[in-house]
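Undergrad: Give me a model of this one.
(chains A and B)
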Protein chains: 2
Amino acid sequence: MSTPVLEVVAVGDELVHGRGIDTNSAYISDRLEALGFRAARFAVVGDPMADLVPALADAVARADCVVVTGGLGPTEDDRTRHALAAAAGVELAFHDESWRWIDEWMQARGRRATDDNRRQALVPLGGAALRNRWGTAPGLVMEIGGTPVYALPGVPAEMKAMLGAHVEPALRERFADRLVPAAHRTLKVLGPTEAALGERLAARMAVVDGPVTVGVTAHYGLLSVRIVARDPDPVVADALAQRHSDEVEVELGDDFLYRGDAEPAARVLDELRRAGLDLATAESCTGGIIAAMLTDVAGSSDVYRGGWVTYSNQRKRDDLGVPAALLEEHGAVSEPVVGAMAAGAAAASGARIAVAVSGVAGPGGGTDDKPVGTVCFGLTVDGVSRTWTRRIAPIGRRFVRERSAFEVLGAVLRELLRRPS
Amino acid sequence: MSTPVLEVVAVGDELVHGRGIDTNSAYISDRLEALGFRAARFAVVGDPMADLVPALADAVARADCVVVTGGLGPTEDDRTRHALAAAAGVELAFHDESWRWIDEWMQARGRRATDDNRRQALVPLGGAALRNRWGTAPGLVMEIGGTPVYALPGVPAEMKAMLGAHVEPALRERFADRLVPAAHRTLKVLGPTEAALGERLAARMAVVDGPVTVGVTAHYGLLSVRIVARDPDPVVADALAQRHSDEVEVELGDDFLYRGDAEPAARVLDELRRAGLDLATAESCTGGIIAAMLTDVAGSSDVYRGGWVTYSNQRKRDDLGVPAALLEEHGAVSEPVVGAMAAGAAAASGARIAVAVSGVAGPGGGTDDKPVGTVCFGLTVDGVSRTWTRRIAPIGRRFVRERSAFEVLGAVLRELLRRPS
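TA: Down below sits the predicted model:
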């Protein structure tokens, strides 16, 4: 038995005309792949029937299961019900129970269903309505040419609730004999380029249809190695994923950062709490990005003491006590200066760990000696400072800045993970 | 002649398996619809050849033009070149000039091309390589069954640069007799919610097939009204767009911020330069986002003096001189405190303008008096301070923080635009 194939169709003019981004398909894929499906294709399509009907028919012809989102609203341009009926070659019928659901929902909110809402009570003959307890639009389920098709609202919260309530239980039962459970592992890596890491993992990445697949994605130099293992026995799938991720971790050596999908800033804050330490930041070329990443995590204020964006030499002197002579002799982008910035930030904030970064983000400002992408880093822990320099690929200002921020968070994390607990 | 139809294919296992979100297709659709195409469908597809080749062939069979993104990297799982060759029924050939481009790019960055990169120099017979000056992967252009197909890298910055450099000029020429020129205007708006603005512009937005269409997009509360006018005569299209944007600007009143697609931070820096003024920031709940937005613009250091991320009361006292009594009496989220923060930041930095923000970003920390989303703002100009408070919709921590950052930049901009020059 082969793994059943899923396709997702996201419906909406705003999506296909670039006014909105489809995030529903990725969510549905992630959930149903965890169940044992393999997602093969998403289609994003606008509201005209001439586009919508063939997109639905194509997906149904190829996949073992199709999930559609969007186009179930009350207005003229919501046509998913009509398009499904057309793709199946059946008529639509008014469904009294759907109408009651809609009216109840509206009344509970002090409103009344309007004539427009009647459109939402239409069900293709042979199909069934799915109750929506999170909004007005009932969903649909039907078979077209033997393929089950589910239509859910486009509002993400409603889609998610209905996927869990109606779709997942039904699919788990229907495809019980064909679903191969998948286990996932993610390893975060900082150091090599995506290409260099790909070379090191080439043999594993070449496997496409085996029980274990390995992929690499990059986000401003922070790499994620994703391992997916499948086996009819979920325990075996999990053990396979674990064994491969253990092996990859060893192969990665010092470039390995941590396991899981958490953001680096969230991991840093967790480890700070665990170690009972706190942190301050002094940023020049990253200009607040590290602070913004840390404070993006709710509750960060218990271990993050705050920071300085010392974009000028004067602020480095006045706020962080960097000696003018040091700036004069070595320049703002130098290890002595970032060392003094980190020490100054620790002293001024009272934090036990402080980090500092100063570099040439570009596109201008590079010299032969310090080309664009040259970034100096300082880390002070309980009064002991170390500094280092990286030549970051000058792919763009944004890349240099974000990659520098990850360098700092990675260094703090490695420092914390090395400490005996 | 009918409007030519565009389809976009986004390639990547990470996309179809729900580990990443495809934003490239929306960008491409937006740009090429501005040129006069109509986007009918996007496909998101994984890396296996068995999925990729039919997805490309399907799009080619339906559309007048196909743009593919992703799958041009150096690793084994980058298969777009191979899939296009298979869809066209031709072989791949090694392209010496592509190899030179790749090697030059790497050498300019102190690296060497590896054997893996040779994969990136492959071109389907009958196709041509497109030089990528923003990364390693050359793009491709070829005809399949008479339909032009462009393949661009998946990295958004590279895709955008290559779309502008290679694809748009070529399509404009090739489809000259079928494209109806469009003129665009963008108005940035800060104040109303997206729904409230949509209601105010409902009559204009209801026009779908007319010569002038109006759409609203939102990015963390910063709204963009996009006006597109089409006419076979580009002068008429431009005049139509101008007239409608003038009318909308009047309708928007005080909620109008500025014209054009520039980022608010870039506009603030421009206006600071024009006025000969400089700026410092003091951030609590935004935690560095404003500083990061400003320093994201190259050359910002000439008018941006730097900032403080004073996430704790102690830092507000020590760095910005906020009196302890003020913090005690009114709390950190209060107008007296942000007023003192702004004044303190101006004094410590010497900048003529300083801004301060302190609020409840959530999800925790709200009270009856100051629920999540309550944010206080302070603005000091040449020693004169004013403060105000907003209740931002508590949609999420991210939303409250980004919306607050836009509030600050919007306030500085309105201040600067009001000044006689």
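Undergrad: all contacts plus neighbour counts: C-alpha atoms, from now on.
TA: Noted.
Undergrad: Residues of the stretch 151-300 of chain A that sit close to chain B?
TA: Residues of the stretch 151-300 of chain A lying close to chain B by C-alpha under 8 Å from any C-alpha of the partner chain are A:195, A:198-199, A:202, A:205-206, A:208, A:217, A:285-292, A:295-296, A:298.
Undergrad: go again using 7 Å as the cut-off
TA: A:195, A:198, A:202, A:205-206, A:287-289, A:291-292, A:295-296, A:298 (C-alpha under 7 Å from any C-alpha of the partner chain).
Undergrad: Among the residues you listed, which one has the most neighbours?
TA: Most neighbours among these, by other C-alpha atoms under 10 Å in any protein chain shown: residue A:288, with 33 neighbours.
Undergrad: Against residue A:310, how distant is it?
TA: 9 Å (C-alpha to C-alpha, to the nearest Å).
Undergrad: State the distance from residue A:394 to chain B.
TA: Residue A:394 is 7 Å from chain B, where distance means C-alpha to the nearest C-alpha, to the nearest Å.
Undergrad: swap that for residue A:221, sorry
TA: Going from residue A:221 to chain B by C-alpha to the nearest C-alpha gives 12 Å.
Undergrad: That residue contacts residue A:405, doesn't it?
TA: No: with contacts counted by C-alpha atoms under 7 Å, residue A:221 stays clear of residue A:405, the gap being 10.2 Å.
Undergrad: what about these two, which has more around it?
TA: Between residue A:221 and residue A:405, counted using other C-alpha under 10 Å, residue A:405 has the larger neighbour count: 26 against 22.
Undergrad: May I ask you to confirm that the more buried one is in contact with residue A:291?
TA: No: with contact defined as C-alpha under 7 Å, residue A:405 does not count as touching residue A:291 (9.2 Å).
Undergrad: what do those two both touch?
TA: Shared contacts of residue A:405 and residue A:291 (C-alpha atoms under 7 Å, 6 or more residues apart in numbering or on different chains): none.
Undergrad: still on that earlier bit, looking at the residues of the stretch 151-300 of chain A next to chain B, which is nearest residue A:397?
TA: Using C-alpha to C-alpha, residue A:287 comes nearest to residue A:397 of these, at 11.7 Å.
Undergrad: Would you agree the closest one falls within a strand?
TA: No: if the criterion is DSSP: H, G, I helix; E, B strand; the rest coil, then residue A:287 is coil and not within a strand.
Undergrad: Let me see the contact set for it.
TA: A:309, A:311, B:291-292, B:295.
Undergrad: The residue most central in space within chain A in helix, strand or coil?
TA: Nearest to the mean C-alpha position of chain A, by C-alpha atoms, centre = their mean, lies residue A:261 at 8.2 Å. Assigned with three-state DSSP, residue A:261 falls in the coil class.
Undergrad: Could I get the phi/psi values of it?
TA: Per-residue torsions, residue A:261: phi -100, psi 10 (degrees, to the nearest 10).
Undergrad: Please point out which parts of the least confident helix or strand in chain A by mean pLDDT sit buried.
TA: When each helix and strand of chain A is scored by mean pLDDT, DSSP states H and E, strand A:212-219 comes last, with a mean of 85. By 16 or more other C-alpha atoms under 10 Å in any protein chain shown, the buried positions in strand A:212-219 come out as A:212-218.
Undergrad: Who are the packing partners of that strand?
TA: Applying 3 or more C-alpha pairs under 7 Å, 6 or more residues apart in numbering or on different chains; DSSP states H and E, we find strand A:212-219 packed against helix A:202-205, strand A:222-230.
Undergrad: Mind doing that once more with 10 Å?
TA: Applying 3 or more C-alpha pairs under 10 Å, 6 or more residues apart in numbering or on different chains; DSSP states H and E, one finds that strand A:212-219 contacts strand A:182-190, helix A:194-200, helix A:202-205, strand A:222-230, helix A:234-252, helix A:397-418, helix B:13-16.
Undergrad: could you give the angle of that strand to strand A:182-190?
TA: Using axes from the mean of the first three to the mean of the last three C-alpha atoms, to 10 degrees, the direction of strand A:212-219 lies 40 degrees away from that of strand A:182-190.
Undergrad: circling back to that earlier point, between the helices and strands packed on strand A:212-219, which one is nearest to residue B:55?
TA: Proximity to residue B:55, assessed across these by C-alpha to C-alpha, is greatest for helix B:13-16 (12.7 Å).
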